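Enquirer: A structural model of the following input is requested.
(2 chains)
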Amino acid sequence: MNSFISYNTLIVLLGTTLLGANAGLVGSFTVLRGRALIGDVLAHAALPGLCLAFLWLGQRSLPAMLTGALASGLACILLMTFLRRWTRVKDDAVMGVVRSVFLGAGIVLISYIQNQTVAGSKAGFDSYILGKTAGLLADDVRLFVGVSTLSLSLILLLYKEFQLASFDPGFARVQGWPALLLDNAQMALAAITVVIALPAVGAILVTAMLILPGATMRFWTDRLSTLLIGAAVIGGAVGGLGTLMSAQFSLLPAGPIIILVGTAVFLTSMLGAPRRGLLARAAANRRFRNELLLQTLLRRIYESAEGRRSTAVHRSRAELMRSLGWSTGTMQRIVHAAVLQQLVSERATPSTHDYELSLTSQGAEYVAKVVRGYRLWQRFLTEYPDQSCSLVDLDVQHVDEYLPPDIIRALERKLVAEGRLPLVAEGRAS
Amino acid sequence: MNLLQFSGQGAYLDWWTIGIAAIVNTGCAVLGCFLVLRKLSLLGDAISHAVLPGIVLAFLLAGRSPMPMLLGAMATGVLTTFLIQTLQRYGGVAEDAGMGIVFTAMFSVGVLLLSNFASQVDLDPSCVLYGQIEYIPLNVETIFGIEVPKALPIMLSALVAVIAFVTLFWKELKLTSFDPALATAIGINATLIYYLLMGMTAVVSVAAFEAVGALFSVAMLIIPPATAHLLTDKLGRMVWWSAALAISASFFGYLVSKLLNVNAAGMMACVAGGQFAAAVVFAPHYGIVGKLRHQLSLTARIAGEDLAALLYRQEEPSRSRDGGTMTVRELVRAFGGGFVARYALHRLMRRGEIDKTPEGSVVLTDKGRRQAESLVRSHRLWEAYLDKNFQLPLDHLHAPAERIEHFIGPELQQQLAESLPKSDLDPHGREIPPSTGTQP
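Expert: Okay, the predicted model is just below:
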């Protein structure tokens, strides 16, 4: 990287960073409310307003064009509400229709402006879809600062209200809060962000920047405050990084680069985030499966000893494998894990090229708990089938946490009568 | 793209342009029916953006030959759908957020490819986005001795592919659109149909990009089918309507754009939007005017029936202190006043159910009396029924009966009467009028 950054690059860098941070902050709410595409719709809807304001004044005036864009965005939202309420057209088609028609009207107006007026070619409409990030001016950046301050202060001021309205709008309404107003406030923040960013960076980039940071942070946290801070940081970082990269390779336009950097961050999070990431979830699934297999193995050994006097049972490994229907790989893996945890001891029997497995005292203790929990569940499901569907978590070790004590006692009595209740050392399983 | 000046060949070129627009738009509109019915409009939108890298790659690798482009498009469409579904299923990303992420990312890849290789691939970026339908007929080649626009083969093959797809899989498409669970149950591979549909969406988007631009293929994918869905409930008719609307939007859109000298593709979207707006207002069953008229006539019928019943109750012996007559003003006031009451009275008069005496009071005619009697019978039967079967206080019986009396036909009346003990009195001790065989 050059140590020297030109004034222009600095302005663009500041602009995209601020924009990214602001869009991340505001967009998080739209992502949480399942309205991620509202940015896309607003970006298209603003176009006719921009053009009409330009036609009205005959020159490029920022305040007028922003007002026009906001007005046509508002008209679009009202129109969609009306169509949803009064026609049989479904939500998705309503969005598609309104969006395409506004875009069509916008493009028609643009071509009209470019044909009719001398100033039209200077209006910068041709870059509306993709944007001309490199054309950001100091004035634009000042506007971004203003809007970012506005959204930040509004979010800080109404944090609790926004939080509830995002996660439980029904409850917010019941509590007597102006849920519709809060909803519209969030939407208005998104609309303002879209409108100020649109002429500078284009519709596609705005859409992406509203969605990506919030969706990325969703993999990392469940807390709204963390999500918002993280989304702002990610949005800003992605905007800045993308701009620097595009400045480095001067052939490439900044908008798409920023989007692709953001997408890369998103995909990395989706794969690698600690709890919700794909890899972490796959690992957790595997651990859980192995745990179940281990319990199955131990239970099989335990049950073959049940009813006999001797507690020291030896089972041939090959025979167990056959009866469980496992592959050699699975068997090796599970036995290895069991030996590592000192639940099972393994002794080679050279005469048959086989191994003998027996429970250690630790293993016997553990399996007794498992079997007890398993049988209590089994019994519960057959005795109280009508209640079983309210208790869906079938983690057998924690049966005591789910079932009320009197039911457990009743079930235990029945199992004792059949001689099927394992003796558990502490009396109650952990 | 070779930008020739528009020379005075006039009508010939105009007809080519309209024809090409119609071919492209019809393909989109026919396929779009299934997207709109399955609530996949936005996915269609996402795909139409996402095919951009496919277009550029196909141009880079194979130039302007139709087959590689259509196959490439199909692959891109399926890939887009697959990516969105993967994000949704494995990443737990909401569908709309997933769409937004996938289509902006793919579009960005397309733009980068375009800005790097545009000079090598004979592609104009703004043409890809907004379409330049005016220039298509100027770029010609000769096939079988006929001079046709270079873009025609790919557009025609897309339309043929759509028609073949819809005809071949008509039954499957129909079933998966309305009842995917049943479709799966009787052995139709709904997933396959779904991905085929998405692939075809990409095909029409690609075919459309030169004519109306990648951004407007979605307008023709969604707007005409949405309009057609307001006009009819039958799938077959919806497809025909959609095609007809698309063709007329192509024609008039081009005409208007020519008159005003503005972008043709945008104008076609606007005209389609106008058709949609007209359908929203005037569609026979689902239009706002139709709905309002239906509601107004229902309101008038109910008000009229209530007024007649009011007169009937006045005539009953227990109440007729003043001989059971009321003036128009008294009647309207007793009803609660208003325009609806006056309109309903006028309607009753016109139908000969009420009459005005020379003294200015309103009386029921025989016809009106029969109608009112039946309504009051429904009302009191319902009260008796509620009283018998539910433990409700007496003052809770009137309100529900007042609402349901207008919707009780002779059959239900009879069933109610049979389910009640033989008694001529309702729970309030008033007489239930005998059955006369007429209904309100």
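Enquirer: going forward, measure contacts and count neighbours with C-alpha atoms only.
Expert: OK.
Enquirer: so who does whatever residue of the stretch 251-400 of chain B ends up closest to chain A touch?
Expert: Nearest residue of the stretch 251-400 of chain B to chain A: B:Gly266, at 3.9 Å (CA to the nearest CA). The neighbourhood of B:Gly266, defined by CA atoms under 8 Å, 6 or more residues apart in numbering or on different chains, consists of A:Leu103, A:Gly104, A:Ala105, A:Gly106, A:Ile107, A:Val108, B:Tyr130, B:Val212, B:Phe216.
Enquirer: could you rerun that using 10 Å?
Expert: A:100-111, B:130-131, B:212-213, B:215-216, B:219, B:253-254, B:257, B:272 (CA atoms under 10 Å, 6 or more residues apart in numbering or on different chains).
Enquirer: next one: B:Leu292
Expert: Taking CA under 10 Å, 6+ apart, one finds B:Leu298 in contact with B:Leu292.
Enquirer: with the one 5 residues further on instead?
Expert: If a contact means CA under 10 Å, 6+ apart, then B:Ser297 has B:Lys291, B:Ala303, B:Ala344 as its contacts.
Enquirer: what's the burial count for B:Pro400?
Expert: 13 (other CA atoms under 10 Å in any protein chain shown).
Enquirer: same question for A:Arg281.
Expert: Using other CA under 10 Å, A:Arg281 has 18 other residues around it.
Enquirer: and A:Trp220, backbone torsions?
Expert: Backbone torsions for A:Trp220, taken as degrees, to the nearest 10, come to phi -100, psi -20.
Enquirer: my guess is it meets A:Leu271, correct?
Expert: No - A:Trp220 is beyond contact range of A:Leu271, at 11.1 Å (criterion: CA atoms under 10 Å).
Enquirer: what do those two both touch?
Expert: A:Gly277.
Enquirer: for chain A, which residue gets nearest to chain B?
Expert: Counting by CA to the nearest CA, chain A gets nearest chain B through A:Gly104, at 3.9 Å.
Enquirer: which is the next helix or strand following the helix or strand harbouring A:Ala21?
Expert: Using DSSP states H and E, the element containing A:Ala21 is helix A:7-32. Later in the chain than helix A:7-32, the nearest helix or strand by DSSP H and E is helix A:38-57.
Enquirer: what is the orientation angle of that following helix with helix A:7-32?
Expert: 130 degrees (axes from the mean of the first three to the mean of the last three CA atoms, to 10 degrees).
Enquirer: so for the helix or strand just after helix A:38-57, what gets flagged as buried?
Expert: Downstream of helix A:38-57, the first helix or strand assigned by DSSP H and E is helix A:62-86. Neighbour counts over helix A:62-86 (16 or more other CA atoms under 10 Å in any protein chain shown) mark A:62, A:64-74, A:76-77, A:80, A:83-84 as buried.
Enquirer: what's the spacing between whatever helix or strand A:Gly329 lives in and its chain's center?
Expert: Using DSSP H and E, A:Gly329 sits within helix A:328-340. Relative to the chain's own centre, helix A:328-340 is displaced by 35 Å; criterion: CA atoms, centre = their mean, to the nearest Å.
Enquirer: outside of the helix or strand following that helix itself, list whatever touches it.
Expert: Using DSSP H and E, the helix or strand that directly follows helix A:328-340 along the chain is strand A:344-349. Residues from elsewhere that reach strand A:344-349 (CA under 10 Å, 6+ apart): A:297-298, A:301, A:314-317, A:335-339, A:354-364.
Enquirer: where do the strands sit along the chain?
Expert: No chain in the question, so chain A it is. A:315-316, A:344-349, A:354-359 (DSSP state E).
Enquirer: switch to chain B, please.
Expert: Under DSSP E, chain B gives strands at B:140-143, B:146-149, B:326-327, B:354-356, B:361-364.
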